[in-house]
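Colleague: A predicted structure for the sequence below; I have some questions about it.
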Amino acid sequence: RDALSAADDRSPRLRTAAAVCGGLSALSAVAVLAGGGAQVHTPWLGGVGNLPPWVWPAEPVNALSVPTWIIHTSSLVEWLVAMGLAWRYADATSRPEWKGVTWGMLPLHTSGIIACTYHLFYNAEALSWCVALQAGMTCLGNTTLAWACLRLALASGWTWGDAASDAAAAFVSVQRPAASIAGAGARGRAAEPATGRLELDTIGSSPGASPPSDGVSPRAGSGGADSAGGALIGWEDLGDSWAADSDVFFLAKLALLSATLAFAAKYTAALIPWPLVRIWEGLPDGAVSAAALAVIVVPTLLNCIKWRQRSKEDVEFVGDF
């Protein structure tokens, strides 16, 4: 978001946000352990947000709590947003290798869908294959994303000879206090000549890209849906739709959206009429597996179709949500 808006990409805001999120995660773990309730089916954070049994029917003991569902849904949504930002960054900087990064991220999103599907069906024994499938997709996604990032690095001037110096610099950095690292990094950036080393460009810093006139990057899909040649619109467009929002407001919107999806995933099943539930419980394992496979395959295919459409030359990235 900073690079697309021509903001200073060396701002400490990202590091501060990561430290805050990491600290909150650590505190939540300490709270669970201190409470002495870290059992197999203990709801995370006491299941805060869960509807009481007298409001909503009881669920299976292995049903995920609302906080845990928020983690799952936010991972899926935010991953799509990151894919969209990488795609827009490719257009803004005229570096098509960034679109390869988006494609490399796709199998990992499918891995997340598999995990959510497994929990959506209350970890049914008939779906034990989901565990192996998710592991395989995670391995595949890690490989494709690593390859995409390597292509990006090589296209940006990085060489295998730089690996040794980068490793040495990383080793030295962990030996120094944080303050000295920041000071040395600032001096190094000021003194380092313009070489082929990989750096993150802001809008207008790469050949062929024009700086924005108002300090904000132009919307890559400002022509609207009509000019997009019928491209599909999805969660990944949120990064464009909410581009003018502050970081806090942007994250708040994502959090609210993730919480809404979490409640839907957790409690929608309880709305199914009881006769249909009885029919579902009587279905063979093959039918249950087929239903779960559809939940996995259909979103994955739509995801592939969307990025395939946007790969065409005459299709712009649509940001209308």
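Modeller: Done, it's in. Please read all numbers here as calculations on a predicted model, not as lab measurements.

Colleague: mind showing which ranges of the protein have poor pLDDT?
Modeller: Within the chain, the stretches with pLDDT under 70 are 1-15, 17-18, 25, 28-29, 31-47, 53-58, 175-245, 313-321.

Colleague: And the helices in it?
Modeller: Using DSSP state H, the helices found in the chain span residues 13-34, 66-93, 97-120, 129-155, 161-173, 178-191, 238-241, 247-267, 274-281, 285-310.

Colleague: buried stuff in the fourth one?
Modeller: For helix 129-155, the neighbour count (16 or more other Cβ atoms under 10 Å) marks Cys130, Leu133, Gln134, Met137, Thr138, Gly141, Thr144, Leu145, Ala148, Arg151, Leu152, Ala153 as buried. Backbone N, C-alpha and C define where each C-beta goes, glycine included.

Colleague: what do you get for the fifth one?
Modeller: With burial defined by 16+ other Cβ under 10 Å, the residues of helix 161-173 counted as buried are Asp162.

Colleague: Tell me what angle it forms with helix 129-155.
Modeller: Interaxial angle, helix 161-173 versus helix 129-155 (axes from the mean of the first three to the mean of the last three Cα atoms, to 10 degrees): 110 degrees.

Colleague: what's helix 161-173 packed up against?
Modeller: Contacting helix 161-173 under the criterion 3 or more Cβ pairs under 8 Å, 6 or more residues apart in numbering; DSSP states H and E is no other helix or strand.

Colleague: rewinding a little: for Gly49, find the nearest of the helices of the chain.
Modeller: Among the helices of the chain, helix 66-93 comes nearest to Gly49, with 3.6 Å by Cβ to Cβ.

Colleague: Count the neighbours of Leu293 for me.
Modeller: Using other Cβ atoms under 10 Å, Leu293 has 16 other residues around it.

Colleague: and the gap between it and Val30?
Modeller: Distance of Leu293 to Val30, given as Cβ to Cβ, to the nearest Å: 39 Å.

Colleague: check contacts around the closest residue to Tyr118 other than its chain neighbours.
Modeller: Spatially, and ignoring its direct neighbours in sequence, Tyr118 is nearest to Cys130 (4.1 Å; Cβ to Cβ, 6 or more residues apart in numbering). By Cβ atoms under 8 Å, 6 or more residues apart in numbering, the contact set of Cys130 is Ile114, Ala115, Thr117, Tyr118, Ala292.
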